[in-house]
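Student: Just to be clear, the model below is a prediction. Sequence and coordinates:
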Amino acid sequence: MMNKLNQDGLLQIDVNPFTRLVWNSTEAREKYEVMLNRALPLHDKAEYEMVRRGLRKCGTIHFSPHTFHSLIERFHKDNMVWLPIQWTRNYGGFSHRHIPTVVGDSNSSAYGVMARNLEDAEAFRRASSYMARGQTDHKELGDLLLFPDCCSTFFVEKWGDGYYDPVWHSAEETKNSKMVADRVIEVEGHIHTNQMLRYMGLRTTTHFPCSLDCEESIRIGDIWLDVMNSIDQTGTDYLIELLSMPIVWSCLHGVAIVETPIFTIITNSLPTKERWTVLFNVPGGDKPAEKMILLGADVDLPAIAKDTRKHLEAMRGVPHGN
Ligand SMILES: [Zn+2]
C-alpha cells in the first residue's frame, strides 16, 4: 500500500496563500453561518487573553495601519507590550511565510510579539532569530508560547523537511489511525488536535499537534477552552460543535480541500504529486463515510473521459471509432 508521504512525493511549486469557504447548500448556510461567525474570532481573542492573564508568556499579533491606534490603546490599558518583528503583505487565510511588501503599502501589516513585559517579548524575538543572529530556538519558543515539547519537535522536523502543513503526518502518528486505501488514512482525533479548519481560523490551540491523540495538546487545549468560555460561552459551544464535525481533508498539487457536512474549504497547502486524504472524526462522532458523499465518489471518471473524447472528436469532425 502506498502510504508514506516523502519528499519524492512533492512538486517544486509554491501556491500563493488563499482560502475560500463554500457552503454545501443554502439550508446549511442559513443554519450555520451565524454560528460560524460567532466562533471565528474566538481563537484570536483567546490568544490575547491567554497572555494578558499570564497563562502564556507570549503571543503573536499583526498591527495594521487601520488597527494600530485601537490596539495600542488596548495594550496600554492592559499593561501589555508589543514589539514588531516583520512587515508582511496581507494575505487571505493561511501562509507558511511572510510575504514581502514595500514601505507605505496600506495592504500590509506588522507582525509582532505581544507579552506582559519587554523581557519575554525580547526573548521571543531572540529565540525566533528575527532580531538576532543564529538559529531559531524552538525549545525556547515552545516554552514562551505554551507548546508541548513533543509537538514543537515534530513541527520543527516536518517544517525543516518542507512539510509546512503536516496534516497527513500528524494523522499517521496517531495510535488508532488506519490506512483504508492507497494514500487514504482514517483517524479518530480530538477537537484540540483538529487543525483542519484552522485555514479559516477555527481552532482551539495555536500549535500544530504531533498526533491527533497528543495528550499534552489536549491538556493545553482545555486551558484555551476555559478562556474561550469566559469570553463567549455560546460562541465556544459553536466552536466545539464545528470542530467535532466529520472531516475529509485531502491535498493535491498545492491545494487542500477540506470537506465537512455543511461547508467545504479550499486553500493552499503542500504541493503533493498525488492526492493524500485524511478521514477524521472525534470519539463518538459520525465518521465521514457515514455522513457525507465524498467529493468525486459519485463521479464516473472513465465515463466522463469517454464522453469528453467523443465530444472533442465531434468538434474536430473526426469520426469516432474505437
Ligand atoms: Zn504533542
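Tutor: Cool, got the structure.
Student: all strands of the protein, in order?
Tutor: 19-23, 58-63, 81-89, 108-115, 178-181, 184-188, 247-252, 255-259, 263-268, 276-281 (DSSP state E).
Student: what's the most buried one of these?
Tutor: Highest mean neighbour count among the strands of the chain (mean count of other C-beta atoms under 10 Å): strand 276-281, with a mean of 25. The C-beta positions use only the backbone N, C-alpha and C, and glycine is treated the same way.
Student: who touches that strand?
Tutor: 5, 9, 167-168, 171, 180, 183-189, 194, 196, 212, 246-252, 287-289 (C-beta atoms under 8 Å, 6 or more residues apart in numbering).
Student: if you set the cut-off to 6 Å instead, what comes out?
Tutor: 5, 167-168, 171, 183-189, 246-251, 287-288 (C-beta atoms under 6 Å, 6 or more residues apart in numbering).
Student: before we move on, the earlier item: in TSV, list the strands of the chain along with mean pLDDT and distance to A121.
Tutor: Shown next, in TSV, are the strands of the chain (pLDDT from 0 to 100; distance: least, C-beta to C-beta, whole Å):
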stretch	mean pLDDT	distance to A121
strand 19-23	95	29
strand 58-63	94	7
strand 81-89	92	5
strand 108-115	94	4
strand 178-181	93	44
strand 184-188	96	37
strand 247-252	96	35
strand 255-259	96	33
strand 263-268	95	30
strand 276-281	96	36
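Student: Let's have those strands in TSV, adding distance to the ion.
Tutor: Formatted as TSV, these follow (distance: least, C-beta to the ion, whole Å):
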stretch	distance to the ion
strand 19-23	25
strand 58-63	19
strand 81-89	25
strand 108-115	23
strand 178-181	20
strand 184-188	15
strand 247-252	19
strand 255-259	22
strand 263-268	23
strand 276-281	17
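Student: which residues touch the residue of the stretch 1-150 of the chain found nearest the ion?
Tutor: Using C-beta to the ion, the single residue of the stretch 1-150 of the chain nearest to the ion is C150, 3.4 Å away. Counting by C-beta under 6 Å, 6+ apart, C150 touches C210.
Student: And for the one 5 residues further on?
Tutor: If a contact means C-beta under 6 Å, 6+ apart, then F155 has F208 as its contacts.
Student: roughly how far apart are it and the ion?
Tutor: 9 Å (C-beta to the ion, to the nearest Å).
Student: Tell me the residues of the stretch 101-250 of the chain that contact the ion?
Tutor: Counting by C-beta under 5 Å from the ion, the stretch 101-250 of the chain comes close to the ion at P148, C150, C151, C210, C214.
Student: of all the residues you listed, which two lie farthest apart?
Tutor: For those, the farthest-apart pair by C-beta to C-beta is P148 and C210; their separation is 7.5 Å.
Student: Between those two, which has more neighbouring residues?
Tutor: C210 (25 against 20; other C-beta atoms under 10 Å).
Student: Cool, thanks, signing off.
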